[in-house]
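**Student:** Quick one, what's the 3D model for this:
(one chain, ligands or ions: 1)
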Amino acid sequence: MRGLPNSIQARDVEYVLHPVTNARKHEEIGPIVIDRGEGIYVYDDQGNRYIEALAGLWSVAVGFGEKRLVEAATRQMAKLPYYHTFSHKTNEPSVLLAERLVKMAPDRLKRAFFANSGSEANDSVIKMVWYYNNARGLRQKKKFIARTNAYHGITLASGSLTGLPANQRDFDLPFVPVRHVTCPHHYRFAEPGESEEAFADRLAAELEAVILEEGPETVAAFIGEPLMGAGGVLPPPATYWNKIQAVCRKYDVLIVADEVINGFGRLGTMFACDYYGIDPDILVLSKQITSSYQPLAAVMISQELYDGIADNSAKIGTFGHGFTTSGHPVPAAVALENLDIIEEKNLVENARRMGEVMQAELRKLADHPLVGEVRGIGLIAGVELVADKETKAKFDPVGKIGAQVFARAHENGLIIRAIGDVIAFCPPLIINEEQIHDMVRRFKLTLDETAQELL
Ligand code: PLP
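**Tutor:** Residues are numbered from 1 along each chain as shown. Got it, this is the predicted structure:
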């Protein structure tokens, strides 16, 4: 195990239950203590430097150690460290942030509701949609449709929308009525010889069939990450979203775009909705909204939804939903400064340009014996490792080689994410060309060493 007796490592193993971690393996190997960060790098407590190629958990847009965010938080803490937004109270940063988000977001979206995490935001989405449909007299219209491999969070409701077995197994999920349709990953789920276009047609037909099977009067909303992240970085076929939207509109099924990872420049456009031409009724934002320096999420809703909710709140006497920290002034102040930095440093444009470099460099690894597919858009990419390039056969057991690559990458000064055997890249939006070359070089070295070990 890493660390001496009574070290932070040893005390971590003694006292902490870690999220999304194999607890017994953790007891065996212990944690790496991340001590500080600067730009695209983090340092452990032994002074080792790593390129943070996942920006933490897909989130540190402006990089680590950004003093402007520290100062924004400090200023706000000194002035008003906390206040709530229940029962007709407000504070300046949360209002300015809501206004700014409405002006930035796709046209249809006119109001912002604040939560602390993506999971809470998606729980809020489910409750708002139910409340809205009850208000419309559509009391049966409650079911959600999500996709296999989707990630929408881990609370009882958002975890029900998530389509990954590890987040549901033995948690008795799903807990809310949800159907999962096929995720739009051509490499894995297309029929032999099926074009991207035909694949997208088939998935739209599948969605329609599921809506009809359930009864359109019972289906409330379709939720999707425009480009799926935690399920393995899965960009859909180009025409997929147009086709899905048409089906949703035909049956009065609301469209929820979960941009918790995609939002604020990740694909080289401010929102992935802009990239794919999605016109959502609801947009969910988090992570890069504050570069995760502070916990914050926003649910953006259309005027129709707002009016339905507002009328119902008048009828009942209140919209009885919200958190102690909804609209907390400190995360809101940090978000405003973070958005200033994104704009001033042209980080969306940087993501587009550097994204081209990263995608091109990673695609050069497509010939590597371990690599089945390299995919992604802008500064998000996935490299899928396979046992057989021809047949696309996975390694057995799935996840073993991913874990090996993940561990070896650390030794090479690189933090990546292994999603099963898909290696994910999602570096801070401030990354430059030289750093991308360094990141990909370290990854190639890691792949070569892993391949060597397999021989
Ligand atoms: N939605 C998406 C698309 C996510 O990627 C995540 C987290 O990775 C969530 C929701 C949940 O966010 P949180 O971990 O803040 O609850």
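**Student:** Quick check: whichever residue of the chain sits closest to the ligand vs L57, distance?
**Tutor:** In the chain, the residue that lies nearest the ligand is G118 (2.3 Å; Cβ to the nearest ligand atom). In this view, the C-beta of every residue, glycine as well, is placed from N, C-alpha and C. Here the criterion is Cβ to Cβ, to the nearest Å. By it, G118 lies 10 Å from L57.
**Student:** Need the residues touching each of these two.
**Tutor:** Both G118 and L57 are contacted by K287, under the criterion Cβ atoms under 8 Å, 6 or more residues apart in numbering.
**Student:** Packing partners of the lengthiest helix in the chain?
**Tutor:** Taking DSSP state H as the criterion, the chain has its longest helix at helix 433-454. On a contact count with 3 or more Cβ pairs under 8 Å, 6 or more residues apart in numbering; DSSP states H and E, helix 433-454 meets strand 49-52, helix 347-363, helix 400-411, strand 414-415, strand 422-425.
**Student:** pretty sure the residue of the chain closest to the ligand contacts A297?
**Tutor:** Yes - G118 is within contact range of A297, at 5.4 Å (criterion: Cβ atoms under 8 Å).
**Student:** which residues are in contact with both of those two?
**Tutor:** Common contacts of G118 and A297 (Cβ under 8 Å, 6+ apart): 260, 284, 286.
**Student:** okay, now the first one: neighbour count?
**Tutor:** Residue crowding around V260 was assessed by other Cβ atoms under 10 Å; the count is 27.
**Student:** can you check the last one too?
**Tutor:** Around S286 sit 29 other residues, with neighbours defined as other Cβ under 10 Å.
**Student:** for it, what are its contacts?
**Tutor:** For S286, the contact set (Cβ under 8 Å, 6+ apart) comprises 117-118, 121, 260, 263, 296-298.
**Student:** Mind doing that once more with 7 Å?
**Tutor:** Residues counted as contacts of S286 (Cβ atoms under 7 Å, 6 or more residues apart in numbering) are 117-118, 121, 260, 296-297.
**Student:** Check which residues of stretch 55-66 are buried.
**Tutor:** The neighbour-count check on stretch 55-66 (16 or more other Cβ atoms under 10 Å) flags 55-64, 66 as buried.
**Student:** Residues contacting it, please?
**Tutor:** When contacts are defined by Cβ under 7 Å, 6+ apart, stretch 55-66 is touched by residues 37-42, 229, 261, 264-265, 287-288, 291-292, 338, 341-342, 347, 426-430.
**Student:** tell me the SS of F175?
**Tutor:** Here F175 is recorded as coil under DSSP: H, G, I helix; E, B strand; the rest coil.
**Student:** Residue numbers of the chain in contact with the ligand?
**Tutor:** Applying Cβ under 6 Å from any ligand atom, we find that the chain lies next to the ligand at 57, 117-119, 122, 151-153, 225, 229-230, 258, 260-261, 286.
**Student:** quick one: which of those residues sit in strands?
**Tutor:** D258 (DSSP state E).
**Student:** Can you tell me which of the residues of the chain next to the ligand is closest to A351?
**Tutor:** Nearest to A351 out of the residues of the chain next to the ligand is I261 (Cβ to Cβ; 12.7 Å).
**Student:** Read off the pLDDT value for that closest one.
**Tutor:** I261 is assigned 98 on the pLDDT scale.
**Student:** I figured it hits I289, correct?
**Tutor:** No - contact between I261 and I289 fails when scored by Cβ atoms under 7 Å: they sit 11.4 Å apart.
**Student:** so where's the chain shaky on pLDDT?
**Tutor:** For the chain, no stretch is flagged by pLDDT under 70.
**Student:** coming back round to it: export the buried residues of stretch 55-66 to JSON lines and tack on secondary structure and distance to F86?
**Tutor:** Listed next are those as JSON lines, based on DSSP: H, G, I helix; E, B strand; the rest coil; distance: Cβ to Cβ, whole Å:
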{"residue": "A55", "secondary structure": "helix", "distance to F86": "33"}
{"residue": "G56", "secondary structure": "helix", "distance to F86": "31"}
{"residue": "L57", "secondary structure": "helix", "distance to F86": "29"}
{"residue": "W58", "secondary structure": "helix", "distance to F86": "31"}
{"residue": "S59", "secondary structure": "coil", "distance to F86": "28"}
{"residue": "V60", "secondary structure": "coil", "distance to F86": "31"}
{"residue": "A61", "secondary structure": "coil", "distance to F86": "30"}
{"residue": "V62", "secondary structure": "coil", "distance to F86": "31"}
{"residue": "G63", "secondary structure": "coil", "distance to F86": "35"}
{"residue": "F64", "secondary structure": "strand", "distance to F86": "34"}
{"residue": "E66", "secondary structure": "coil", "distance to F86": "31"}
